[in-house]
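Asks: Show me how the following folds:
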Amino acid sequence: MGEKIKVGIIGPGNIGSDLMYKVIKSKYLQMHMMSGIVESEGIKRAAGLGFKTSIEGVNAVAADSDIKIVFDATSAKAHLHNSPILKAAGIIAVDMTPAAVGPYVVPCVNLDKLTDEVDFNMVTCGGQATVPIAYAINRAADSEYTEIVSSISSKSAGPGTRANIDEFTETTSKALEVIGGADRGTAIIILNPAEPPIMMTNTIYSLVKNPDEKKIVQSVNDIIREVQAYVPGYHLRVPPLVDGNKVTVIIEVEGAGDFLPSYSGNLDIINQAAVAVAEKLAAKMLGVK
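Replies: Residues are numbered from 1 along each chain as shown. Next up is the predicted model:
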């Protein structure tokens, strides 16, 4: 294996722990440090795997000159504090929170257009699942309004997700417009307590100006293949239904099961997308075409 870029993770909870296992499997990334603010299970887990750990949060990462990229898996409020510290240290941040300090990034839609950024915002789990479809519908049919409903198992919504519900709806709605191209966007999240836990299911409704069914179906199928390149568990559950000017698509996301259960597709898709971003950045640093 060739040279790799060392990365850190701030926030050793469910998302941070799953990210760690994904980084371990990466071609271009090398897990280096897990940092939190208390001696949590996630910190112990990382230490048990032989990685550097700290309870000094962002400061420990900023002080380690080996780290070039960091995943911030804390909260929107914490990232607002962490971002300038990481920037001053010359570390690129991949922001897992809805803080949106830097530009929204959905890898298959706009990663190639973002260059020389130092803070990449991963939108939300719902954003990663639905913005590609919103974008695909818009480029084929010109969306005047897009509404998404993300339904996830309540078991896969940890304290971070629950604390950021308001930011989730606001950030996802904006991303449907800014990246998805809809004139207006709305996002709704449902935490479903069903047993056994449900897979993440996302319904995308769009009102379009040019309802060409053939173009819409082709566009949606093309984008699904692009998402599956980095999220293999991303599946079309209900293909595009075109009724007049209304288009409906339903997507299901099954997690890879690296650390989290397979029903936690909501956490898995944002992590897979974040690793795809970091790998693209690392490949550029390593001079890999």
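Asks: So what sits opposite the residue lying closest to residue 23 once chain neighbours are set aside in the bridge?
Replies: The shortest distance from residue 23 to any non-neighbouring residue, by CB to CB, 6 or more residues apart in numbering, is to residue 31 (4.5 Å). Just so you know, the C-beta spots here come from the backbone N, C-alpha and C atoms, and that holds for glycine as well. Beta bridges link residue 31 to residue 7, judged by DSSP bridges.
Asks: Residue 31: neighbour count?
Replies: Close neighbours of residue 31, defined as other CB atoms under 10 Å, add up to 23.
Asks: who's in contact with it?
Replies: 7, 9, 20, 23, 24, 46, 49, 51 (CB atoms under 8 Å, 6 or more residues apart in numbering).
Asks: Could you rerun that using 10 Å?
Replies: Neighbouring residues of residue 31 by CB atoms under 10 Å, 6 or more residues apart in numbering: 4, 6-9, 19-25, 46, 49-52.
Asks: How about residue 45?
Replies: When contacts are counted by CB under 10 Å, 6+ apart, residue 45 touches 12, 16, 17, 20, 21, 34, 51, 53, 259.
Asks: Quick one: these as TSV, columns for distance to residue 63 and neighbour count too.
Replies: TSV is the format used below for those (distance: CB to CB, whole Å; neighbours: other CB atoms under 10 Å):
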residue	distance to residue 63	neighbour count
12	18	28
16	19	27
17	23	23
20	20	24
21	25	17
34	15	30
51	16	19
53	14	21
259	27	21
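Asks: from those, which is closest to residue 138?
Replies: residue 16 (33.2 Å; CB to CB).
Asks: Apart from its chain neighbours, what residue comes closest to the closest one?
Replies: Residue nearest to residue 16 in three dimensions, not counting chain neighbours: residue 73, with 4.1 Å by CB to CB, 6+ apart.
Asks: Hmm, residue 99 and the one you found touching each other?
Replies: No - using CB atoms under 10 Å, residue 73 is not in contact with residue 99; the gap is 11.8 Å.
Asks: shared neighbours, the two?
Replies: residue 79.
Asks: More neighbours: which of these two?
Replies: Taking neighbours as other CB under 10 Å, residue 73 and residue 99 compare with residue 73 leading, 32 against 24.
Asks: Against residue 161, how distant is that one?
Replies: 11 Å (CB to CB, to the nearest Å).
Asks: Please apply the same query to residue 55.
Replies: 23 Å.
Asks: Residue 121 too?
Replies: Taken as CB to CB, the span from residue 121 to residue 161 is 16 Å.
Asks: So these two - more neighbours on which side?
Replies: residue 121 (26 against 23).
Asks: so that one touches residue 97, yeah?
Replies: Yes - under the contact definition of CB under 10 Å, residue 121 touches residue 97, with a separation of 8.0 Å.
Asks: Good, we can wrap up now.
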